[in-house]
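> Sequence and predicted model, in that order:
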Amino acid sequence: MGVRDSLEGVAGHPIAKATGVSALVGALLKLPLLVAILATVWTQVGTLFTALSVTAFSIAPQVPFIPTQLAQNTALVIGGLFVVKLVAVKVLHSLYKQYQKST
């Protein structure tokens, strides 16, 4: 299996197609509501992770009508976004400090 076969497999996956189509539709329509929601999630990702992790790993296993696996997966995704945000802020802060020293 070559690189081309691997790329065709990834590009042919239904999730990749759905992501591409949704990104295209969002770019064409310039959905301000979607942008506002994503900005809010990005801004509050630390708070969301705290709330979701408590819910997913402590409350959901005890409450039968909360889907535990979905809650845990959501908490892990939001946790990953939180780590990405922390790293991005740290890198940008470091670059800004270097820029200030050079001027």
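Sure thing, it's come through.

> alpha carbons only for contacts and neighbour counts from here, please
OK.

> Find the helix or strand that residue 65 is a member of.
For residue 65, there is no enclosing helix or strand under DSSP states H and E.

> Next: the one 4 residues further on.
Under DSSP H and E, the secondary-structure element containing residue 69 is helix 68-102.

> if we look at stretch 42-61, which residues are touching it?
Residues outside stretch 42-61 that contact it (CA atoms under 8 Å, 6 or more residues apart in numbering): 41, 66-69, 71-72, 74-76, 78-79, 81-82, 85.

> Point me to the residue sitting closest to the centre of the chain.
Of all residues in the chain, the one closest to the mean position by CA atoms, centre = their mean is residue 81, 4.6 Å from it.

> what's the spacing between that residue and residue 58?
Residue 81 sits at a distance of 21 Å from residue 58 (criterion: CA to CA, to the nearest Å).

> Check residue 101 too.
Residue 101 is 47 Å from residue 58, by CA to CA.

> Distance check, residue 62 against residue 97.
In terms of CA to CA, residue 62 sits 47 Å off from residue 97.

> so where is the chain shaky, pLDDT-wise?
Within the chain, the ranges that satisfy pLDDT under 70 run 1-13, 16.

> Name the residues of stretch 71-90 that come out as buried.
71-72, 74-76, 78-79, 81-82, 85 (16 or more other CA atoms under 10 Å).

> what about residue 43, neighbour count?
Look at residue 43: counted by other CA atoms under 10 Å, it has 13 neighbours.
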